[in-house]
Structures are given as structure tokens and as C-alpha cells.
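Asker: This is a predicted model, with the sequence first.
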Number of protein chains: 2
Amino acid sequence: MENERTFDETFDEVLSALLALIQQKKYKEARDLLLTGHNGADVAELMESIVDEEGIERAIILFRMLPKDLSVEVFAYMPIDDQVNIINGITDKEVRFIMDEMDFDDMIDVMEELPANLVDKILEKTPKEERKLINTFLNYPDDCAGSIMTPDYISLRRDMTVAEALSYIKKVGMDSETVYTCYVKDTGRKLIGIISLRTLVVSENDLLVGDLMHDDYIFVNVYDDQEEVSEVFKKYDFLAIPVVDKEQRLVGIITVDDILDVIEEEATEDFERMAGILDDSDRKYLDMSVFHHAKSRLPWLIFLMISSMITGVIITQFEAVLSKVIVLVSYLPMLMGTGGNTGSQAATLIIRGMTVGDLEPSDAAKVLWKEFRISMLIGVVLGSINFAKIVLIDGERVLIALTVCLSMLLIVAFAKMIGGLVPMVAKRIGIDPALMANPMISSVTDMISVLTYFLLATMLLGL
Amino acid sequence: MENERTFDETFDEVLSALLALIQQKKYKEARDLLLTGHNGADVAELMESIVDEEGIERAIILFRMLPKDLSVEVFAYMPIDDQVNIINGITDKEVRFIMDEMDFDDMIDVMEELPANLVDKILEKTPKEERKLINTFLNYPDDCAGSIMTPDYISLRRDMTVAEALSYIKKVGMDSETVYTCYVKDTGRKLIGIISLRTLVVSENDLLVGDLMHDDYIFVNVYDDQEEVSEVFKKYDFLAIPVVDKEQRLVGIITVDDILDVIEEEATEDFERMAGILDDSDRKYLDMSVFHHAKSRLPWLIFLMISSMITGVIITQFEAVLSKVIVLVSYLPMLMGTGGNTGSQAATLIIRGMTVGDLEPSDAAKVLWKEFRISMLIGVVLGSINFAKIVLIDGERVLIALTVCLSMLLIVAFAKMIGGLVPMVAKRIGIDPALMANPMISSVTDMISVLTYFLLATMLLGL
């Protein structure tokens, strides 16, 4: 069998051969190499590397030499920045061909990133009806169901027989995003039922679509958030879901392949927010400018810096204590660090639990009680290690060890409970819990750690 | 239309009515309420809440009153802990019915969680061939392709016509996990091609499967990691992918609905690892014991505590400096905090970039150069804010402000570059980069922050 090595294993070899050919300007040979047994996704991956290594101009030369149909497929799989660059480097006729042949939802994604004058130019020769449809789709807000749906679905009528439905699908099936779920509408474009191709294929030919369809179908609204849509997919294991407007009219469908991207995008957003990064673009790390990177990282850094200045002020209040027992300072990073880490652990679990639907803000009491018990267990373990280390290794007084050990217990308890509670409160009052994660929790626990530690020291050491 | 309110909106109403009926032991009425217009996923969600609120015994009474077919579907959608409890609370006959009727891959998932003696009991009356198959599936390691695949796919022969293939699918289609991708095998069970139901439906009846099928199909190996499998789905927008063994024999298929779960699971694992939580279970937050929670959080806390003790030791070395200018301590939390936060930002972006495939360890030089420039920009902004604040608000000496300001610049630069580099090095040497995230980076930057700050202070302030 030829397939015993997968594409991933041969990727690097093929790529370096390709790059060599391009450097020698042997584009025809390069194209032929691209075409040997690969599909659109693979060619797109190679083209992407060619853009990175050899520049967009050379990539465009090669791109224009691809067979027309493949070029559309390759284009659809490329990252958005490359797509925009390619559009700018090919003829208007080529642009229009690609736009016509692409899946409707992919085409809209590209259009959204193009400057308005270019969109107008592309739409100039588009028939009026389609232009109207494209404009409607372009106007749906980012991140809502409307922005990821496609109008290319199969519509059936309830009075069709199975045989009629199948022969209709045979006729139009190639232009539809999916044929595996079909939609039954009444004359007013209202969705009245859905039927799977599986049902059609396994049913007798003379049965009626209206009798076989599901009329208690699940749907989403065109302005629903894409994250909610992905929850529906995860819950019901769908391949596609209908999108309706306020009048329950079917305006499009969303297919599961687009949901995979949504889930990844939403997870990336959460990862970034939890690290205090505010990024509104879907662009790749290396494609973003230094200035853009700095801009998305600075707001939280400044906010957190200011809140840690407060921690500094608290320390200043205890300068007198500190100057008497300067060794206390050396345990401060450990206490603050542990407070931050342990609080972040709780916050991460709670935020993630709410994202995947395991936890609700109404579980707050259960979470607090659980975190309290966990923190006692952890606090005792960490406190004991410290007590032993301070007395036996550092050779400090028992009272200092006791101060650190007790501080540890209290700090872990505070940190765990704050880490557990804050994200739930955030969700309840409508703030994204992901914003309440590690950096935010650390800066709160820092203050509490310092305060707890120095207050205990003042009391226990009689300072 | 009746569907104008979605299930989610009526969930709480239905649930409280249900709980009231169950408390009054009106199980028949409760069952009838459960059956009004809901599907398996919705009933499962209600049952899950009933388990939480009213206990497993009452939930089981209700579960046993469901129509047989629905009960199988509901069971399949329930969380694993509830599934095990239900198995323990129903008769052997009922268990066997559920196991027989469930999708093969879901059934395997349940079996994996059951104690061995219970599995043996269930398998007792299973035909020998199927028992062998189940045992093979049970033995695939967790997290590999084999553990999420199903053997219920449609096999066609290359010499079938389209009409023959469709009539074969009509016969067996209801028992297969998916009918939308069909698999063509030779007599030795080797996979020789795949064909979509769409192709079959749109093609002429007398064409041959062998002429229409794709023979350069993409496949995965049975021991491939499930994360790699999900990458393949994301790249190619598949609905299903064939799984082959070393001899290229088709052993099962993986469908996209299971991949949604894999992506979510893998993201959760990354979130947890990045927060220093080592959890090997897929169980929900509230279902895990306090002891289990503590056990999964303690290892990293202890490791990080020990490394922050090193930071403490560094501070001790500078006690003499500190005792002369005690105000220096008050800026320490801010410098350490900013170092940690800014390093975590870089680490998070790099880790995520590698997870979604935008970055490779070979991009290290580009990343370092980018992070260096970003850190200069950020360092200058944060340093200037601090300089102004220390001189104007705190009223400290310019030299102290300069010490803090320069330390900030250096710390941000170190932190960003370490945050960018460490995850890439980890990946290169085969450690999960997610383990190198926030807590790990913070503890490294803590040491560097303290060292930089005190060294600069010693030099600039002439201490």
C-alpha cells in the first residue's frame, strides 16, 4: 500500500524539495510536486509554509498555476492573512471565480476581512439577489450564530416522497454544505421539521417526508453567541443545526466542522484572558506586530502593577516589624507564591467547570465548603513542611516557624476560597469568569498573604 | 409554533416540577412529564439533576420506568459516575439490554469504568466473538485512537454498484455509528478506499463503488494519541476517520461527535496543567473527593514552594542591603508580580500557539526576537510609570526610582524571553509544554526578579 507513510511524515521532505524548486524558479516542477496525491488541506499547508519562507509573491505565482478547482479548495484552507494577500495579488476575474466557487460561509469569512472597496468591487458583477444575501451575512455581528452559518442547505417539502426527496438531493447535493441533514419548510419559509439522509436512505421509497421528519427539532437563533451554539453541538452530538430568525424562519445552518474551529477559538480566548491578555484578533502569534502584542498585554499588567503597589504599601506599614526581624522577609516570596498558586488552582478548576457546564454560580456554597476542606488538608501539609524546615534547617526560633506555618494555613484557606468564589460571582454579575483567573487572583492573594503574615508576626513575636 | 421557547429556557421549570413530583413519590406523573416532547440528551440532563438533588435511589426508580429504547439513549448521555451507579442499581437483565443496545464505543466507555467482576458478569452471556472484540477494545490504552473508535461502520465492496451499495446501506444503516462515510475493504480486511454517502446519492445507479471511492484517504493508527486524531479532524473537516492497525487493516472508525469531547477534554487537561493541577480523572469538580483534589494539587505546590524557598535564600544573602534601605522591600511584590504575570503571558501564548499548530519549536529564534522587542516596549512603559510614581508620590530618592525602573525593564525582558523559550524547549525534549506554564514560569522569574533587583540596588545605591 502506498499509504503506509502519512502526509505528516513526508511533509518536511516535500516542503524542502518544493522550496528548492521555487528558489530555482522551477515553478512548473513545483506545481507538479504539489499535485502528487495531495488534497486541498495538504496543499494549503504547504502553500502556507511557502508564503512564510519564500514570500507572498512567489507563493502567488505558484497558486495561480494550480488547477482551478483545486485552487479554490486550497484558498479555503489558508489562513486569513494569506487569503487577503492572495486576493490582492491575483486578477479580478480570478478573485470572482474563487468567491463563486467557495462554500458560502467560507466566502463570507474572507469578505469580512477585506477592505470595503474591494468587497464592493467583488460584488459589482454579482446578481442582485445574491448580493443582498451576502450583505445580510456580512452584517451579522462577529461571534454570533449568523456569522458562522451557511445558506447552502437542502430544503425539502413535507409532501415529497422519500424517492422524490432522494432524486432531488441527487440533483442539488453537490452544491450544498451538507446533504446529511435536510430541512423541511412551509410555504412561508418557516422551518417545520428536519430529516436526516440516513432516515431517507433506510426508509421505504413511497413514505412521505412529512411523516418521517422530526418536528421537535433543536434550533438556535441567528443572534445566539457561537459559544452557546457549540454547547448545543456538544450536548446533542449533531452534524448540523438549523439557524432561525425571530419569526422562526430558516435563515441558514451551521455544520460541525465550523464548530470545531469555534471550540478552539473560544478555548484560546479563555487561555489568553486567564493569562491577562486582551486580544481581539484571531491572528497567529507570529503574524501579530510587536506593537499589537504589547497593546494586548499592557492593560492587565498595569492594572496588576497598581494593585501590587497596594501590597507594597501594606509592607511599608510593617517596616518597623520587618527591621526588627529581617529574616521574616525571606519567607515572604514563598508565602505569596503559594497563595497565588493555590488560589489559581481553585480559580482554574471553577472557571473551566463553568465553561464545560459542570458548575453553576448556584453551586457556590458547595464549592466554598469543598475548597475550605481541601485548603485545610493542603495547608497542614505545606505548613508542616515549612515548620520542620525552618526549625531544623534554617535553625530559627520555634515562634518564627509557627508564624510562617500558621500564616501558610490561613493564606491557603483564603486563597482557595477567593479563587473558588470570585469566578462564580463574576459569572453571576455578567463578567467573563476567565478574566478573574490567575493574575487577578494572585494580586488579591498577595495583599492577603502580606497582611496575614505580618499581623500574625506582630502578635506571635510580640513586635 | 410550539418551539418558540427552547428547552434551556424551560429547563428550570420542568426540573422543579419533577423534583416536587418525586418528593411526593408520584413517579408515574414524573415519568410522564419527562416524556413530554424531550429527547435523550434533555432527559439525561434532567436525570442528572435528579441524582444530585434527590439521590441515586430515586433517580433509578424513575429511570427503570422509562420506555426501554429511551432509557438506553438517556443512559448513554449521562455522566460516567451516574452510569456506574445506575448499573449497580438495576437488574442484570436490564444491564444487558442497555449494553446490547448502546453504541459500541459508548458501551466500551462504560465498561472501562466498571469493576472487573461486573464486566465479567455482563460478558458472561455475550456471544464469544463479540466478547473477544469487547476485550480487545477494553485493552486499548486510554487516550489513544483505539479507545474512542467504534467497530460499527458500513463496509462496502469495490465491485458493488451504487444501487447495490445503497440497498445494502438501507438494510444495515440503522445499526451503524454513521452511514455518511462508508469503507471499502479487500478480502483481507485491508482498507482500500472510502466513499461518502453524498457521493453514492448523487451518482448514477450503475457506477461501481471501486471507481467512485477515494483511495488516497487519510487514516490514523490505532495507537495514535487522541489529540493527534483531533488535529486531523480540524485540518480536514472530516465527519469520520478510519482507524487501521499496523497491517493497514481497518479496525474501526472515529466520528466527529467523539472528537468534540476529545477537544474539550484536552483543553481541560491543558488548563489544569497550566495551573499546576495534576488530575488523571475525567470526573467533575463536585464529584471528586476532597482528598483527591488535594492530591492532584499538592505535588506542584510543594515543588513551587521549595523553589520559592530558593528565592528566600537569595533574599537572605541581601539582608545587609535590605536592612539599610528597608523601603526596597515594599517594591518587591510589584516587581515579582509583574515578572510572573508578564512571563505567564508569553508562556500562555506560546503554549497555545503550539497546541493549535501555529508555532513549532523551530520558531524559537523568531519568538525570542519578538518577545525581546515586546518586552522593551512594555518595560519602558511600566518602568516610566514606576519612576514617576516613586519620585512624585512616594517622594523617594531618584536613585531608588532608577533602581526600580531599571529592574522593571530587565525583569520584563528576562520574564518574556524565559516565558517564550521554556515551553518550546519543553516540547523539543518531549515534555508537555502546558506543564511549563504560569506557576513554573512565575517561580523562575521570582528568583530572577529578586536577584536583578538587589544586584542593581547594591550597585546603584552603593550599598
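Answerer: Okay, I see it. The shown structure was predicted, so the numbers you read here are calculated from the model rather than taken from an experiment.
Asker: Model confidence for whichever residue of the stretch 51-200 of chain A sits closest to chain B, exactly?
Answerer: For the stretch 51-200 of chain A, the residue closest to chain B is residue A:173, as judged by C-beta to the nearest C-beta, at 4.4 Å. Glycine gets a C-beta too; all of them are placed from N, C-alpha and C. Note for residue A:173: predicted pLDDT of 82.
Asker: Would you agree residue A:241 falls within a strand?
Answerer: Yes. Counting by DSSP: H, G, I helix; E, B strand; the rest coil, residue A:241 is located in a strand.
Asker: Please list all residues in contact with it.
Answerer: Applying C-beta atoms under 8 Å, 6 or more residues apart in numbering or on different chains, we find residue A:241 in contact with A:218-220, A:229, A:232-233, A:253-254.
Asker: Does residue A:72 belong to a helix, a strand or coil?
Answerer: Following three-state DSSP, the label given to residue A:72 is helix.
Asker: so what's it up against?
Answerer: By C-beta under 8 Å, 6+ apart, residue A:72 lies in contact with A:97-98, A:101-102.
Asker: And for it, nearest residue in space, chain neighbours not counted?
Answerer: residue A:101 (4.3 Å; C-beta to C-beta, 6 or more residues apart in numbering or on different chains).
Asker: Ok, residue A:406 next?
Answerer: That would be residue A:456: by C-beta to C-beta, 6+ apart, it lies 5.7 Å from residue A:406.
Asker: quick one: what helix or strand has the one you found in it?
Answerer: Per DSSP states H and E: residue A:456 is located in helix A:438-460.
Asker: Show me what that helix is packed against.
Answerer: Secondary-structure packing of helix A:438-460 (3 or more C-beta pairs under 8 Å, 6 or more residues apart in numbering or on different chains; DSSP states H and E): helix A:290-317, helix A:319-324, helix A:328-355, helix A:398-428, helix B:328-355.
Asker: give me that answer again for 10 Å
Answerer: The criterion is 3 or more C-beta pairs under 10 Å, 6 or more residues apart in numbering or on different chains; DSSP states H and E, and the helices and strands that helix A:438-460 contacts are helix A:256-274, helix A:290-317, helix A:319-324, helix A:328-355, helix A:398-428, helix B:328-355, helix B:438-460.
Asker: quick one, which of those helices is nearest to residue B:143?
Answerer: helix B:328-355 (15.4 Å; C-beta to C-beta).
Asker: Just confirm yes or no for that closest one near chain A.
Answerer: Yes. Against chain A, helix B:328-355 shows contacts by C-beta under 10 Å from any C-beta of the partner chain at B:328-338, B:340-355.
Asker: I'd like to know the beta-bridge partner residues of the nearest residue to residue A:246 once chain neighbours are set aside.
Answerer: Using C-beta to C-beta, 6+ apart and skipping residues adjacent in sequence, the residue nearest residue A:246 is residue A:221, 7.7 Å away. Beta-bridge partners of residue A:221, counted by DSSP bridges, are residue A:244.
Asker: domain ranges for chain A?
Answerer: With domains defined by automatic domain parsing, chain A comprises A:8-139, A:154-274, A:286-460.
Asker: what's the spacing between the second one and its chain's center?
Answerer: What separates the centre of domain A:154-274 from the centre of its chain is 23 Å, taken as C-alpha atoms, centre = their mean, to the nearest Å.
Asker: Ends of that domain, what's the gap?
Answerer: 41 Å (C-alpha to C-alpha, to the nearest Å).
Asker: And for stretch A:168-186?
Answerer: For stretch A:168-186, the separation between the terminal residues is 17 Å (C-alpha to C-alpha).
Asker: and whatever residue of the stretch 101-250 of chain A ends up closest to chain B, what does it touch?
Answerer: Among residues of the stretch 101-250 of chain A, the one nearest chain B by C-beta to the nearest C-beta turns out to be residue A:237. It sits 3.8 Å away. By C-beta atoms under 10 Å, 6 or more residues apart in numbering or on different chains, the contact set of residue A:237 is A:256, B:40-41, B:76-77, B:103, B:255-258, B:260-261.
Asker: how does it look with 8 Å?
Answerer: Neighbouring residues of residue A:237 by C-beta under 8 Å, 6+ apart: B:41, B:257, B:260.
Asker: what secondary structure does the first one sit in?
Answerer: Secondary structure, three-state DSSP: residue B:41 is helix.
Asker: Number of residues surrounding residue A:57?
Answerer: Residues within reach of residue A:57, counting by other C-beta atoms under 10 Å in any protein chain shown, total 10.
Asker: let me fix that: residue A:141
Answerer: 9.
Asker: Skipping its backbone neighbours, what lies nearest it in space?
Answerer: residue A:147 (6.7 Å).
Asker: How about residue A:64?
Answerer: Per C-beta to C-beta, 6+ apart, closest to residue A:64 is residue A:90, 6.2 Å.
Asker: who touches that neighbour in this structure?
Answerer: Going by C-beta under 8 Å, 6+ apart, residue A:90 touches A:60, A:63-64.
Asker: out of the contacts of residue A:72, who has the most neighbours?
Answerer: Compared across these, residue A:98 has the highest neighbour count, 23 neighbours, by other C-beta under 10 Å.
Asker: quick one: contacts of the helix or strand hosting it?
Answerer: Assigned by DSSP H and E, residue A:98 belongs to helix A:92-101. With C-beta under 8 Å, 6+ apart as the test, helix A:92-101 has contacts from A:64, A:68-69, A:71-72, A:75, A:87, A:107, A:110-111, A:121-122, A:125.
Asker: PyMOL command to pick out the buried ones of these?
Answerer: Listed next is the PyMOL selection for buried residues among these, using 16 or more other C-beta atoms under 10 Å in any protein chain shown:
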select buried, chain A and resi 71+72+75+87+107+110+111+122
